[in-house]
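**Student:** Here's my sequence, what's the structure:
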Amino acid sequence: MTSPKSDTTKEAASGDDEMVVSDAVLKTSKRHSERHDLPNAVNKAEDLDKVPDKYLSGDPKKPLVLKVAPNESYTYALNPVKYCVLAILTIEGLERLAYYGINNTETEFLTGAYNDEWNPGLSPSAAAAFTSSSVAIAYTTPFLGGIIADGAIGK
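**Tutor:** I've put the predicted structure just below:
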C-alpha cells in the first residue's frame, strides 16, 4: 500500500512494507540523538571535555553556558549544590542568631531591665507569658501554613 507523497515526507523501504517519515520526525530524532551525546552530569573539570564547545563559557568559575537568545545567556557553576548548601546554612544560622538574640532579651525588655523610662511595664510573670506565647506562635505557624497550603491551596 502506498501513501501520497508530499514535499515534507520521505519514503523508506523496509522489506515489502513502505514507511512514510515526515521531516518533522527526522528533525526531532536528530535533536533527540544530539541530547544523548551530552553527558548526564558535569560536576568536575574533567567532565568538561565531554561537553560540546557551544555549551562552554570559558569562565573557570562558571564554565557552563546556556544561550536562550542571541543576546541572552546564563552561566552555571560546575557543582551548584555546594553553593546552595552554603547559602541555606548561612541563612539558617543568621535566622537562629536573630531568633535567639531576640528571645533571650525580650523578657528583660518587657520588664524594664534595660531602661526604666522606656518599657511596656509588664510584671516578670506577664513578660515571661508573653515571651512563651511568642515562641509558641513562632513554632506552630509553619504547621498551620502547611495545613492551609496542602489542604486548601494545593488542590
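**Student:** Buried residues, the longest helix along the chain. List them.
**Tutor:** Using DSSP state H to define each element, the chain has its longest helix at helix 80-111. Of the residues in helix 80-111, 106-107, 109-111 count as buried by neighbour count, 16 or more other C-beta atoms under 10 Å. The way it works is simple: take the backbone N, C-alpha and C, and place the C-beta from them, glycine included.
**Student:** Kindly report the same for stretch 50-65.
**Tutor:** Going by neighbour count (16+ other C-beta under 10 Å), the buried part of stretch 50-65 is 57, 63-65.
**Student:** And the contacts of it?
**Tutor:** Here stretch 50-65 makes contact (C-beta atoms under 8 Å, 6 or more residues apart in numbering) with 37-39, 42, 45, 48, 66-67, 73-78.
**Student:** Average pLDDT for it, rounded please.
**Tutor:** For stretch 50-65, mean pLDDT is 85.
**Student:** you'd agree Val42 is up against Tyr76?
**Tutor:** No - contact criterion C-beta atoms under 8 Å: Val42 and Tyr76 do not qualify, at 9.0 Å.
**Student:** Can you name every helix or strand that the helix or strand harbouring Thr131 contacts?
**Tutor:** Secondary structure from DSSP states H and E places Thr131 in helix 124-148. Under the contact definition 3 or more C-beta pairs under 8 Å, 6 or more residues apart in numbering; DSSP states H and E, helix 124-148 sits against helix 80-111.
**Student:** Which other helices and strands does the helix it packs on contact?
**Tutor:** helix 124-148.
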